[in-house]
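[1] I'd like to go over a predicted model; first the sequence, then the structure.
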Amino acid sequence: MSSNVFRFLVSTLSFLSSFSGAVSQGTLHRRDYFYVGQTYAAQGNSSIAFGQIYVEHLTPEKITQPFPLLMIHGHGMTGTNFLNTPDGRPGWADYFTSKGYEVYIIDQPSRGRSAWQKDIDGVQSAFDTFTIESHFTATQLHNLWPQASLHTKWPGNGSVGDPVFDAFYASTMPSLDSDEETAMKIRAAGSKLLDRIGPVVLLTHSQSGQHGWVLGDARPSSIRAIVALEPIGPPFINAVFPPIAAARQFGLTDIAVSYSPPVTSPEDIARIAVSSSPTFTCFQQASPPRKLVNLAHIPVLIVTSESSYHSIYDGCTAEFLRQAGVSVKHVNLGDVGIHGNGHMMFMEKNGLQIAEEVVQRWISQTVHA
Ligand SMILES: *[C@@H]1O[C@H](CO)[C@@H](O)[C@H](O)[C@H]1NC(C)=O
Ligand SMILES: *[C@@H]1O[C@H](CO)[C@@H](O)[C@H](O)[C@H]1NC(C)=O
């Protein structure tokens with residue numbers, strides 16, 4: 001970037017921050033966006049596009065990392081999750097651009113700035129405020145699972161009426177109800193994105209945990225590592241929140257991924273329950289386990305916060321991947337001295353500490369040019 005443009009950005013940022021406490025002191029970068037993955041569908045005597053995803057691209061003044069970071073948010077969310085935090089502090093996009101990463105942030109298909117076409121795309125629904133409060137932001141007031149009471153790191157009281165909660169809730173969006181439809185759409189558009197920008201380090205959160213396994217399967221040479229923050233799980237069945245229904249028929253995915261030996265239907269994947277309680281049954285593959293062949297060469301970091309419902313079952317998810325031949329490091333934040341976080345860890349009070357001490361540390365040890 002030319003030094004004149006740079007000076008302009010510096011003076012603009014300091015001007016903005018001088019009159020509004022809500023503007024974060026972020027990292028200087030260039031921002032552009034594009035769309036990828038559209039298909040045209042006939043509409044009357046004309047056509048409309050569907051399936052495309054919005055991609056925001058942040059380029060720091062100096063790129064020093066060998067691969068870009070591609071960030072995919074979870075259910076009910078959009079890419080704003082990784083920009084500034086709801087209380088105006090720098091977010092993970094700022095942190096990773098400050099470390100010299102080129103960063104790509106998408107909005108999932110049919111959500112946010114990625115078009116939802118009412119006659120083509122599936123039914124959507126939104127998280128209500130009670131779900132956000134009780135699962136994410138004020139879990140300690142609701143205690144829906146034993147670790148929920150350990151939550152201390154959300155900024156503000158985490159309930160309706162608190163300005164930080166209200167700002168966060170306002171950023172949530174209706175999402176496709178079907179995780180299977182979402183996975184098909186992300187495989188189509190995400191593969192085209194990876195063909196254009198890869199190889200990358202992929203960062204997923206929650207619902208998009210599945211997208212990491214699906215995209216790693218579809219484009220194994222375009223993903224150098226996967227950081228999965230509390231990826232959707234556990235294998236084959238939902239947990240914690242009743243009704244406990246079957247899910248993810250291919251183990252960690254709703255859609256087929258490549259196993260060796262190959263499977264022709266999900267029933268080919270023999271499973272056994274290795275532990276069971278009324279709200280959580282951990283299934284693994286029966287021996288000998290089939291291997292997730294395309295994920296075998298992609299190192300995975302799973303990060304689990306101390307107070308989230310994921311603290312109950314992410315270990316089972318990690319073990320399922322290991323059994324299938326994937327190299328997984330699983331960090332429980334409480335075990336490394338980082339206490340009180342919940343599911344939205346990256347926007348909590350100590351979010352940048354997690355980025356620095358856990359995620360960036362692992363990437364720098366694991367990913368080499
Ligand atoms: C397309 O169909 C619309 C509605 O039937 C009609 O008004 C329009 O003239 C048509 N356009 C063309 C280019 O045929
Ligand atoms: C949270 O803070 C807001 C604003 O002060 C207040 O209206 C609300 O009652 C608080 N909620 C809880 C559960 O403390």
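    Alright, I've got the coordinates. Ligands and ions are numbered 1, 2, ... in the order given.
[2] ranges for the strands of the stretch 1-150 of the chain?
    Applying DSSP state E, counting those that start in this stretch to the stretch 1-150 of the chain gives strands spanning 29-36, 39-43, 46-50, 53-60, 69-72, 103-107, 124-125.
[3] Can you give me the end-to-end span of stretch 129-147?
    End-to-end distance of stretch 129-147 (C-alpha to C-alpha, to the nearest Å): 21 Å.
[4] So for that stretch, what gets flagged as buried?
    Within stretch 129-147, the residues scored as buried using 16 or more other C-beta atoms under 10 Å are 132, 133, 134, 135, 136, 137, 138, 139, 140, 142, 145, 147. Using the backbone N, CA and C atoms, a C-beta is placed for each residue, glycine as well.
[5] Mind checking which of those residues are in helices?
    132, 139, 140, 142 (DSSP state H).
[6] residue contacts, the closest residue to the last one other than its chain neighbours?
    Leaving out its chain neighbours, the residue that sits closest to residue 142 by C-beta to C-beta, 6 or more residues apart in numbering is residue 134, at 3.9 Å. Contacts for residue 134 were tallied using C-beta atoms under 8 Å, 6 or more residues apart in numbering; they are 141, 142, 144.
[7] got those residues as a markdown table, with pLDDT and distance to ligand 2 columns?
    Converted to a markdown table, these look like this (pLDDT from 0 to 100; distance: C-beta to the nearest ligand atom, whole Å):
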| residue | pLDDT | distance to ligand 2 |
| --- | --- | --- |
| 141 | 98 | 6 |
| 142 | 98 | 10 |
| 144 | 98 | 15 |
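[8] Can you name the two of the ones in helices among the buried residues of stretch 129-147 that sit furthest apart?
    132 and 140 (14.1 Å; C-beta to C-beta).
[9] Excluding its own residues, what touches stretch 241-261? List them.
    135, 144, 179-180, 183-184, 187, 209-210, 213-214, 217, 231-233, 235-238, 263, 266, 269, 279-281, 285, 290-295, 309, 317, 320-321, 324.
[10] And stretch 342-353, by the same measure?
    With C-beta under 8 Å, 6+ apart, stretch 342-353 has contacts from 81-82, 85-86, 89-92, 95, 135-137, 139, 151, 153-155, 168, 205-206, 229-230, 303, 305, 307-310, 333, 338, 341, 354-355.
[11] For the longest helix seen in the chain, what does the pLDDT average out to?
    In the chain, with assignment by DSSP H, the single longest helix is helix 179-197. What helix 179-197 shows for mean pLDDT is 98.
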